[in-house]
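Asker: No sequence on hand, only this structure:
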C-alpha cells in the first residue's frame, strides 16, 4: 500500500514538474527554414567567422556543407580557415584548459547545440547580450545570466543596455535598448543571427530534410498498401461464411 501511495504521488507531481520546467525567460521565435539554402550558406559563413574561433563542431565535416549547394572549391576558399582537407571535422586550436582559465569555463562544442538548447533559445540568446560592468567580460545576457561568453558579435549589433522595471521589491529587465550602434542595423543583425541559428539547426541534423521527405514517402506507401491489402483481404475471404 505504501508503494502504491508513493507511485500515485509521483504521478500527481509530474504535471507540477512539467510546469516548473517551462518557466524561464520569454523566447523569440527563430526564423528557421532548412529549405532556404541561401540562408544556410550565410549562416555557415557566420559560424566559421565568429563561432569557430573558440567553439568546435567535431561531429561536422566541412565536406558536408556541399549539401547546402556549395562546391568543394567554394568551401576551401571561403569556409576552411582551420583545416586543410574538406573531410576534416570542425575543430579549433584553442586548448580547453587555457579557455577555462580565460573564460571561467571551456567553450562547448556546438555540433548539436540547437538540439540541446532549442533554436528559439539560441536566437534569443544571441540577441540578448547587454553591457554589464560587473561582469569580467563586460557583458551579460537576459537568457543566460552571468554568462561567461563575451559578446563576440557586438561590433555588428552594437552595445545594448537594459531598461529596468520594478516587480514587487525587485528590479527586473523589461527590455534592451541600443546605446551605441554597430556596423549594421538591429533588423539586419536579427536577420544575420537568424541565418546563423538556421545553420546551427541544420548542423545538428544535416539529414533532417531527407529524413522527413523519406517519412512522407513511407506514409504514402503505407496508405496505398493499406488499400491494396484491404481489397486483397476481401477477395480472399469472400467465400468464407
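Answerer: Now that the structure is in, tell me what you want to look at. Just so you know, these numbers come straight off a predicted model, no measurement behind them. Residues are numbered from 1 along each chain as shown.
Asker: For residue 93, pull up the helix or strand it's in.
Answerer: Using DSSP states H and E, residue 93 is not contained in any helix or strand.
Asker: Check residue 220 too.
Answerer: Going by DSSP H and E, residue 220 is part of helix 208-237.
Asker: Tell me the gap between that helix and the middle of its chain.
Answerer: 34 Å (CA atoms, centre = their mean, to the nearest Å).
Asker: For that helix, the averaged confidence score.
Answerer: The pLDDT scores in helix 208-237 average 83.
Asker: what does stretch 140-154 give?
Answerer: 95.
Asker: How about it, which residues are buried there?
Answerer: 140-144, 147-154 (16 or more other CB atoms under 10 Å). For every residue, glycine as well, the C-beta is placed using N, CA and C.
Asker: Walk me through the domains of the chain.
Answerer: Residue ranges for the domains of the chain, per automatic domain parsing: 27-206, 207-241.
Asker: a helix runs through residue 134, doesn't it?
Answerer: No - read with DSSP: H, G, I helix; E, B strand; the rest coil, residue 134 is coil and lies in no helix.
Asker: burial count for it?
Answerer: Residues contacting residue 134 under the criterion other CB atoms under 10 Å number 7.
Asker: Identify the residue nearest it in space, chain neighbours excluded?
Answerer: residue 140 (7.9 Å; CB to CB, 6 or more residues apart in numbering).
Asker: One more: residue 199?
Answerer: Among residues not flanking residue 199 along the chain, residue 43 sits closest, at 2.8 Å (CB to CB, 6+ apart).
Asker: Tell me where this structure has strands.
Answerer: 57-61, 89-90, 129-131, 139-141, 158-167, 170-181 (DSSP state E).
Asker: rewinding a little: columns distance to residue 104 on top of the buried residues of stretch 140-154, output as CSV?
Answerer: Shown next, in CSV, are those (distance: CB to CB, whole Å):
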residue, distance to residue 104
140, 13
141, 14
142, 19
143, 18
144, 13
147, 10
148, 4
149, 10
150, 11
151, 15
152, 16
153, 20
154, 19
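Asker: Tell me the one among those residues nearest to residue 33.
Answerer: Ranked by distance to residue 33 (CB to CB), the buried residues of stretch 140-154 are led by residue 153 at 21.0 Å.
Asker: I'd say that closest one and residue 126 touch.
Answerer: Yes - using CB atoms under 8 Å, residue 153 makes contact with residue 126 at a distance of 6.8 Å.
Asker: Pick the most buried one from the domains of the chain.
Answerer: Of those, the one with the most neighbours on average (mean count of other CB atoms under 10 Å) is domain 27-206, at a mean of 17.
Asker: Please dump the strands of the chain into TSV; it should also carry distance to residue 80 for every row.
Answerer: Supplementary listing: these in TSV, determined by distance: least, CB to CB, whole Å:
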stretch	distance to residue 80
strand 57-61	11
strand 89-90	10
strand 129-131	28
strand 139-141	29
strand 158-167	30
strand 170-181	32
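Asker: Show the pLDDT at residue 16.
Answerer: The model reports residue 16 with a pLDDT of 36.
Asker: tell me the contacts of the spatially most central residue of the chain?
Answerer: What sits nearest the mean C-alpha location of the chain, by CA atoms, centre = their mean, is residue 114, with 2.5 Å. Residues in contact with residue 114 (CB atoms under 8 Å, 6 or more residues apart in numbering) are 122, 197, 200, 201, 203, 204.
Asker: Same check on residue 38?
Answerer: Listed by CB under 8 Å, 6+ apart, residue 38 has no contact partners.
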